[in-house]
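Undergrad: sequence and predicted structure below; questions after.
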Amino acid sequence: MMLSSLAFIGVSGVVPMFLCRETEVFTMDEIQARNRAEDWTVIFGVIFDMKDYKSVHPGGDQINEVIGKDASKYFPRRPVGRLPSVCTNSAVELTTTPECDEFDAVDRLLKTHCHTSSVGFSGIDRSFGNYERGTLAHREVNLKNDKHTDWIMVYGRIYNVTRYIEGLKDEESGEIDAKSENAYLSKDLSSLIINKRGEDATMVYEALFSSDIQLSCLDDLFYIGVIDEPDHILCQALNIAMYSVMIIIAAVLGLQCVCSLIYLVRMKRTITRDDTRAKIIVMVPCYNEGDKELRKTINSVMDTTYPDDNKVLLVVADGNITGKGEKMSTPDTLAKILGYKQSSTDRAYDCKSIGELTENRAKIYYGTYVDCGRELKYIVVIKCGLPSEKGSPRAGNRGKRDSQLLFTGLLNRFHHGRNLNNLDIAIKYALDGLQLPLDEIRYLMAIDADTRIDRESLSHMTYSMNKNDRILALCGETKVDNKAQSWVTMIQVFEYYTNHHMKKAFESVFGCVTCLPGCFTMYRLFSDDGRPLLSCDDVYQRYATNNVKTLHDKNLYHLGEDRMLTTLLLRYFPDMKLSFVPEATCYTIVPDKFSVLLSQRRRWINSTFHNMLELLRVDSLCGVCCLSMKSIVFLDLVATLILPASLIYVGYIIFITFWMGEPLSKLMLVVWGIVVGVQVVVFLLRSRWDYWWWFFVFVVVGVPVFYFLLPLYSFWHMDDFSWGTTRQVSGGGKGNLKNAPTSETDVESHWGFEVVGSKIINVDDFQSKAQRDGGAAGRSDKQQKARLAPALKKSGRQSQREQSDTRLNLMPKLNAPTSDPVDLDEVEIDDESKAATVFDRSKYKSAAEARKVRRERRGEC
């Protein structure tokens with residue numbers, strides 16, 4: 001990245017300084033464009049800045065009349081009689097009195113002042129030499145198109161000989177008379193002027209004269225500037241390339257804006273009961289989150305309008321972790337919130353894992369969480385680690401990807417009829433106990449443990465899935481939940497908004513969203529014809545790889561697992577779509593400290609860069625040649641490399657434009673107007689007037705941070721694969737995991753979860769295997785219902801046999817009341833006090849307090 005930025009600065013900045021940048025030669029248009037910063041005027045083809053001269057000018061403010069203009073007529077040129085004799089015609093009487101020959105009748109009538117104190121170049125230099133800024137340039141095409149001006153060019157110097165030619169013309173015929181009494185120049189000079197009008201007379205001059213005396217005479221009498229030389233070929237190529245890139249960027253942003261507006265004109269959705277019949281699992285991988293984050297996430301899932309019977313919450317605790325500043329570990333916090341009980345004798349099920357240790361153990365709990373008249377079925381999987389990890393502050397921790405693979409591995413083995421491991425059987429039994437059989441689960445919803453989802457989100461997502469069976473996965477809009485907590489959170493608000501409503505909306509129109517965030521994404525588990533999707537072997541085996549050694553792979557799998565999973569879906573399912581549903585929204589807590597933001601974006605930027613390299617290898621992206629999503633990915637890749645240099649270049653352009661007075665081309669203004677305007681239009685047409693403020697904060701503070709500081713820091717630390725300050729835990733160190741015994745190492749196992757020989761699982765095999773393992777997962781449906789019924793109906797009571805049975809820890813341990821729950825969503829506000837509200841008496845004093853808490857929580861969403 002450093003080399004790319006330096007190359008960009010060198011090619012677009014340093015090279016033009018030597019080849020393109022004219023520091024002393026300016027056209028009249030450029031002079032007039034610089035009037036914002038300088039007060040330039042032209043005298044005899046020389047440019048002077050009169051800003052500082054105004055204070056000493058005898059005429060005061062009258063000098064403002066010539067700013068940005070040619071003031072040569074107010075100053076007399078050197079009289080012909082004072083020229084060297086080799087330049088003049090001795091037969092003609094010559095004047096030695098300086099006069100302003102270019103004054104017209106109006107000037108003489110008004111008695112315009114002629115500055116006879118500053119005669120010729122010597123007088124001008126004596127009066128204004130300290131204010132000289134450059135030389136006036138004339139474009140040859142403009143000179144040739146001017147029918148009223150006679151000129152010649154010698155050595156690139158332009159001479160206006162119009163008055164001399166007019167003096168030679170016969171008054172009656174209008175023909176030029178070389179012997180006219182007004183032919184005050186020598187015969188050779190006069191012949192040169194007459195015969196080479198409108199042409200380059202350099203070769204004729206060299207043939208006629210052997211010295212520069214005659215050239216000096218031409219300077220004193222007729223010099224008005226130099227010819228404007230064309231730019232260097234490399235400079236022209238750079239300008240064309242620069243404008244082309246800017247136009248392409250503006251075109252892409254304009255197209256993104258149009259695609260975003262498509263979602264504004266879509267018909268309003270009407271979600272019926274049939275649209276919410278599909279059974280879904282809401283998976284929440286968690287690590288070091290505390291009570292506040294977990295309770296908010298769990299309650300938001302429970303408060304959704306999606307039917308309670310058709311959704312189940314699957315929480316995977318990645319180790320027995322206690323977050324920094326927390327008093328309880330994450331598993332203990334989950335137990336406290338959901339109401340299940342833990343014991344040191346609870347059975348831990350063996351399972352495979354990825355990372356330095358390829359084995360792990362996990363405990364499982366399931367039941368129904370009841371609060372404020374709502375129910376939420378849940379399954380909690382706690383990765384507790386091997387016995388050798390006991391005492392480690394990160395016991396059982398294997399990473400977010402490992403947590404995802406616990407369930408997708410179960411899906412892979414189940415959908416392909418392979419042998420299930422002990423943890424698979426336990427999870428499948430828990431789902432059966434919650435009356436959501438695994439083979440009926442249609443969608444998997446993935447959210448983060450600090451995410452609060454909107455009440456209608458699940459319904460909108462399943463609606464889109466049901467209406468288009470070609471949608472493999474989709475995401476919604478992620479909003480910032482702590483907008484005004486600090487300046488760090490404020491600069492992220494507009495960034496989140498524009499990334500969703502422009503970039504993701506644009507990609508969604510073409511069915512290939514390149515990044516489905518793990519904090520808010522829904523996946524289709526199998527197609528209508530039974531084909532496994534998320535759990536297919538191609539996707540699962542690549543995603544579960546444990547052979548991660550190169551810097552490229554580590555950035556993909558350790559830091560950007562969500563993006564990598566998206567890339568795999570695009571690669572192996574070219575016939576399906578990855579979509580964006582703006583109606584579905586969630587709220588997430590963004591970093592409020594710069595050090596945390598620095599750590600988070602280091603992971604995001606580096607993983608994004610490496611993932612874009614992978615996307616370039618995906619041949620199924622829509623489009624052809626340059627008009628394809630692969631071209632967009634390539635542009636994003638290049639933009640990521642040169643972000644810091646681009647910001648420096650833009651800053652330099654702004655500096656020389658507003659401080660140094662350099663003119664800015666209209667095309668550049670139009671392109672920049674489009675780049676900025678389309679981002680404003682996106683939120684204005686949605687009547688999001690508050691985003692004016694967030695846009696201003698982003699431009700002033702966010703742009704330097706996101707486009708300069710963060711990319712530089714990220715690429716400098718590309719070999720840092722830690723989560724930094726984003727996920728801190730109590731106890732500090734990572735634990736002695738490397739010395740723990742394991743049956744397989746990274747070298748021996750290329751896949752964290754091996755795909756072993758296929759075997760069709762029947763009911764007898766399932767039950768016998770569960771009984772051999774000492775678990776109760778293989779109990780018959782009749783036995784299971786008999787065990788579940790008391791737990792679902794009794795309030796906080798279980799049989800002594802259930803509590804002492806250490807072989808099975810899958811039974812729901814609830815504090816459920818005896819009365820049937822009442823859904824407050826279906827109760828009128830006026831009748832709410834009459835409804836038999838179910839509440840936990842250990843949390844709330846009365847039903848009124850429970851309803852109040854629920855209304856407050858619903859208002860947050």
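TA: Alright, I've got the coordinates. Numbers count the residues shown, from 1 in each chain.
Undergrad: wait, what's in contact with the residue lying closest to residue 125 once chain neighbours are set aside?
TA: Closest residue in space to residue 125, ignoring its immediate chain neighbours: residue 132 at 7.9 Å, by C-beta to C-beta, 6 or more residues apart in numbering. (C-beta placed from N, C-alpha, C; glycine too.) Applying C-beta atoms under 8 Å, 6 or more residues apart in numbering, we find residue 132 in contact with 46-48, 125.
Undergrad: restricted to helices, list these.
TA: The members of the contacts of residue 132 that map onto helices under DSSP state H are residue 125.
Undergrad: drop anything exposed from the contacts of residue 132.
TA: Of the members of these, the ones counted as buried by neighbours, 16 or more other C-beta atoms under 10 Å, are 46-48.
Undergrad: can you lay out those as TSV showing distance to residue 298?
TA: Conversion of the buried ones among the contacts of residue 132 to TSV gives the following (distance: C-beta to C-beta, whole Å):
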residue	distance to residue 298
46	78
47	73
48	75
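Undergrad: can I get the CA coordinates of stretch 161-174 in PDB?
TA: The C-alpha atoms that make up stretch 161-174 are tabulated as PDB, following Å, rounded to 0.1, in the frame of the first residue of the first chain:
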ATOM      1  CA  VAL A 161       1.900  44.500 -35.700                       C
ATOM      2  CA  THR A 162      -1.600  45.500 -36.400                       C
ATOM      3  CA  ARG A 163      -1.000  49.300 -36.000                       C
ATOM      4  CA  TYR A 164       2.100  49.100 -38.200                       C
ATOM      5  CA  ILE A 165       0.300  47.300 -41.000                       C
ATOM      6  CA  GLU A 166      -2.700  49.600 -40.800                       C
ATOM      7  CA  GLY A 167      -0.300  52.600 -41.300                       C
ATOM      8  CA  LEU A 168       1.100  51.000 -44.500                       C
ATOM      9  CA  LYS A 169      -2.300  50.600 -46.100                       C
ATOM     10  CA  ASP A 170      -3.400  52.900 -48.900                       C
ATOM     11  CA  GLU A 171      -6.500  54.900 -47.700                       C
ATOM     12  CA  GLU A 172      -8.300  54.400 -51.000                       C
ATOM     13  CA  SER A 173      -7.400  50.900 -52.200                       C
ATOM     14  CA  GLY A 174      -6.700  49.400 -48.700                       C
END
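Undergrad: look up how far residue 245 lies from the most centrally placed residue in the chain.
TA: Taking C-alpha atoms, centre = their mean as the criterion, residue 499 is the residue nearest the geometric centre of the chain, at 5.8 Å. In this structure, residue 499 and residue 245 are 21 Å apart, going by C-beta to C-beta, to the nearest Å.
Undergrad: then residue 341?
TA: Counting by C-beta to C-beta, the separation of residue 341 from residue 245 is 63 Å.
Undergrad: more neighbours: those two, which one.
TA: When residue 341 and residue 245 are compared for neighbours, residue 245 comes out ahead with 16 against 11, by other C-beta atoms under 10 Å.
Undergrad: and the more buried one, which helix or strand is it part of?
TA: helix 233-262 (DSSP states H and E).
Undergrad: list the contacts of residue 610.
TA: Per C-beta under 8 Å, 6+ apart, neighbours of residue 610: 552, 555-556, 560.
Undergrad: just the buried ones from these, in ChimeraX syntax?
TA: Written as a ChimeraX command, the selection of buried residues from the contacts of residue 610, which uses 16+ other C-beta under 10 Å, is:
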select :555,556,560
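Undergrad: can you list the contacts of residue 610 in CSV and add distance to residue 261?
TA: Written out in CSV, the entries for the contacts of residue 610 read as follows (distance: C-beta to C-beta, whole Å):
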residue, distance to residue 261
552, 37
555, 35
556, 34
560, 30
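Undergrad: so which two of the contacts of residue 610 are the farthest from each other?
TA: Greatest spacing in the contacts of residue 610, by C-beta to C-beta: 552 and 560 (10.9 Å).
Undergrad: backbone dihedrals for residue 514, please?
TA: In this entry, residue 514 is assigned phi and psi values of phi -80, psi -10 (degrees, to the nearest 10).
Undergrad: circling back: okay, the residue nearest to residue 125 and residue 589: tell me how far apart.
TA: With the distance defined as C-beta to C-beta, residue 132 ends up 61 Å from residue 589.
Undergrad: and stretch 467-485, what's buried?
TA: Neighbour-count burial for stretch 467-485, counted by 16+ other C-beta under 10 Å, picks out 471-483.
Undergrad: same deal with stretch 237-250?
TA: Buried residues in stretch 237-250, counted by 16+ other C-beta under 10 Å: 238, 245-246, 250.
Undergrad: what about dumping the CA coordinates of that stretch to CSV?
TA: These are the backbone C-alpha positions of stretch 237-250, laid out as CSV (Å, rounded to 0.1, in the frame of the first residue of the first chain):
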residue,chain,number,x,y,z
ALA,A,237,-1.8,11.2,-20.9
LEU,A,238,-1.9,11.9,-17.2
ASN,A,239,-4.6,14.5,-17.6
ILE,A,240,-6.7,12.1,-19.7
ALA,A,241,-6.1,9.3,-17.2
MET,A,242,-7.0,11.5,-14.3
TYR,A,243,-10.2,12.8,-15.8
SER,A,244,-11.1,9.3,-17.0
VAL,A,245,-10.8,7.9,-13.5
MET,A,246,-12.8,10.8,-12.0
ILE,A,247,-15.5,10.3,-14.6
ILE,A,248,-15.6,6.6,-14.0
ILE,A,249,-15.9,7.1,-10.2
ALA,A,250,-18.6,9.7,-10.7
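Undergrad: and the contacts of residue 610 as a markdown table, adding pLDDT, secondary structure and distance to residue 66?
TA: Rendered in a markdown table, the data for those read as follows (pLDDT from 0 to 100; DSSP: H, G, I helix; E, B strand; the rest coil; distance: C-beta to C-beta, whole Å):
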| residue | pLDDT | secondary structure | distance to residue 66 |
| --- | --- | --- | --- |
| 552 | 91 | helix | 64 |
| 555 | 89 | helix | 63 |
| 556 | 89 | helix | 66 |
| 560 | 87 | coil | 63 |
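Undergrad: mind checking which of the buried ones among the contacts of residue 132 are in strands?
TA: 46-48 (DSSP state E).
Undergrad: and which of the buried residues of stretch 467-485 is nearest residue 330?
TA: Nearest to residue 330 among the buried residues of stretch 467-485 is residue 481, at 19.9 Å by C-beta to C-beta.
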